[in-house]
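[1] Please work out how this folds:
(2 chains)
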Amino acid sequence: MNQRQEVTTAEGGEVRKPEVQPEAVLYPPVDIYEDAEGIHLQADMPGVSKDRLTVQVDRDTLLIEGEAKIEMPEGMNALYADVRSTRYRRSFTLSSELKSEVIEANLKDGVLSVRIPKREEAKPRKIEVRTQ
Amino acid sequence: MFESLFSGDRRLFDELRRMEQQMDEMFGRWPWPAGIRSTARGAYPPINVGATADGVDIYLFAAGLEPKTVDISVQQNLLTVSGSRQLPAKEGVDYYRQERYSGEFRRVITLPDDVDPDRVEARYRNGVLQITVKRREAAKPRRIEVK
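    Below is the predicted model of the structure:
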């Protein structure tokens, strides 16, 4: 119904430009798992180098931010783009049994790995069952 | 310059593609044909393609790849990139999220007709695979001197 009209508009060369949006942010895909030692997080942030990556904890929030920098020759025109922003951002809420002050972060080939250890008292303990 | 590839481009061609994609999502099918090699949104890895007078640059956003496992081939103006990224699930742990792509991938990109399949370079940095295909010499714009 509407489709025809849209196309006529396009052919007439009067495509309505989208309104200017605030800069888009990419939401990096993550894997998160937990073992006895703590929580492990891995995030895909291709294009981000170590100096353009921020991993920070503010109270109970873990914030991951990065900016992709891609080498591009002068005078390049885009032909096609799946990725339409260069900024990555994602945050998670931590819980109190995690030692947020000793978080370790590692970046390799655009994959960020974060390890958040558990407090000693929060590690699972095996309770022995005694028999009388 | 950097902007142009990611956000700034608002040309008609781009605009049409965006509309097509939106319509596709809204109506499930588009009465006009899509590119024969186009894939559904969200295909892995995402790619950006940019062109200069000298050549065409293809960027594949594929973090954590083993560059040796990636296979790149160009046949005439058809570029095929295939490989795999295997993320073996850890045993004996609890997964809360598994959003990262794991498995084989293959993407086929139609390049402009004037590219030279013999002059292709690829490099991998910070999780981005950049493939540069040069244009044929004859196809480059030449400056004609006025005598």
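[2] Retrieve the pLDDT associated with the closest residue to chain A within chain B.
    Going by CB to the nearest CB, chain A is nearest to B:Gly127 of chain B, at 1.8 Å. Any C-beta I mention is one placed from the backbone N, CA and C, and that applies to glycine too. B:Gly127 is assigned 95 on the pLDDT scale.
[3] and the gap between it and B:Ala62?
    Counting by CB to CB, to the nearest Å, the gap from B:Gly127 to B:Ala62 is 7 Å.
[4] Now the common contact residues for the two.
    A:Pro46, A:Gly110 (CB atoms under 8 Å, 6 or more residues apart in numbering or on different chains).
[5] and the residue positioned nearest the centre of chain B, what does it touch?
    Central residue of chain B (CA atoms, centre = their mean): B:Ile47, 3.4 Å from the mean position. Contacts for B:Ile47 were tallied using CB under 8 Å, 6+ apart; they are A:Tyr80, A:Asp82, A:Val83, B:Ile58, B:Tyr59, B:Leu60, B:Phe61, B:Arg107, B:Ile109.
[6] Can you show me the strands along chain B?
    B:47-51, B:55-61, B:71-75, B:78-85, B:94-98, B:103-110, B:115-125, B:128-135 (DSSP state E).
[7] Could you identify which of the ones you listed is most buried?
    Of all the strands of chain B, strand B:55-61 carries the top mean neighbour count, a mean of 24, counting by mean count of other CB atoms under 10 Å in any protein chain shown.
[8] Centre of the chain to it, how far?
    6 Å (CA atoms, centre = their mean, to the nearest Å).
[9] And what about A:Glu101, helix, strand or coil?
    Here A:Glu101 is helix, with the state taken from DSSP: H, G, I helix; E, B strand; the rest coil.
[10] Distance-wise, check it relative to A:Arg119.
    From A:Glu101 to A:Arg119 the distance is 10 Å (CB to CB).
[11] Ok, B:Glu145 next?
    Distance, B:Glu145 to A:Arg119, using CB to CB: 76 Å.
[12] If you count surrounding residues, which of those two has more?
    Each of B:Glu145 and A:Arg119 has its neighbours counted (other CB atoms under 10 Å in any protein chain shown); A:Arg119 has more, 12 against 5.
[13] show me what contacts the more buried one?
    Contact analysis of A:Arg119 by CB under 8 Å, 6+ apart lists A:Glu97, A:Leu98, A:Lys99.
[14] Check the gap between the first one and A:Lys123 for me.
    Here the criterion is CB to CB. By it, A:Glu97 lies 9 Å from A:Lys123.
[15] now swap in the second one and tell me
    From A:Leu98 across to A:Lys123, the span is 11 Å (CB to CB).
[16] These two: who's more crowded?
    It is A:Leu98, of A:Leu98 and A:Lys123, that has more neighbours when counted by other CB under 10 Å, with 20 against 12.
[17] burial of the closest residue to A:Asp82 other than its chain neighbours, as a residue count?
    Nearest non-adjacent residue to A:Asp82, counting by CB to CB, 6 or more residues apart in numbering or on different chains: B:Pro46, 3.6 Å away. B:Pro46: 18 surrounding residues under other CB under 10 Å.
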